[in-house]
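1. let me see the structure of the following:
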Amino acid sequence: MASVEDVRKLAALARIDFTDAELAKFAEQFEGILAYVSQLEDLKVSAKEEVVSPVRNVFREDGEPREKGTYTKKIVEQFPKKEGNALKVPQIIFYD
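-> Numbering: from 1, shown residues only. The predicted structure is shown next:
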């Protein structure tokens, strides 16, 4: 049977806070949980079975959806501050 200290260590690894009463309760239930999960070992699954998923890729193919620079001129014309070919924005990261 799992001890309260074992459950406390697992809870710390999972970053879960439990009261002492909850730790005692989970320590009692721990063996049952492990027995339930261990049923997966009894499953007989063939590695050769191929599963066909009904999910399919609906995304477009990679590539340029529009000609490069289609909107660049309009954006640059509407931008309030420029420095040469660069658009000037307020500094948001400051270093001490």
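2. can you pull the pLDDT of the residue lying farthest from the centre of the chain?
-> Distance to the chain centre peaks in the chain at Gly84, reaching 41.0 Å (criterion: CA atoms, centre = their mean). Gly84 is assigned 78 on the pLDDT scale.
3. heads up, I number from 22, so please use that
-> Okay, using 22 as the starting number, the last item reads as Gly105.
4. what's the spacing between it and Thr93?
-> 15 Å (CB to CB, to the nearest Å). All C-beta atoms are positioned from the backbone trio N, CA, C, and that covers glycine.
5. before we move on, what about Ile54?
-> 59 Å.
6. now swap in Ser59 and tell me
-> For Ser59 relative to Thr93 (CB to CB), the value is 61 Å.
7. quick check, central residue of the chain?
-> In the chain, the residue lying closest to the centroid (CA atoms, centre = their mean) is Ala35, at 15.8 Å.
8. any idea how far it is from Gly53?
-> For Ala35 relative to Gly53 (CB to CB), the value is 19 Å.
9. so what touches the longest helix along the chain?
-> Ordering each helix of the chain by length in residues (DSSP state H) puts helix 41-58 first. Contact with helix 41-58 is made by 22-25, 27-29, 32, 39, as judged by CB atoms under 8 Å, 6 or more residues apart in numbering.
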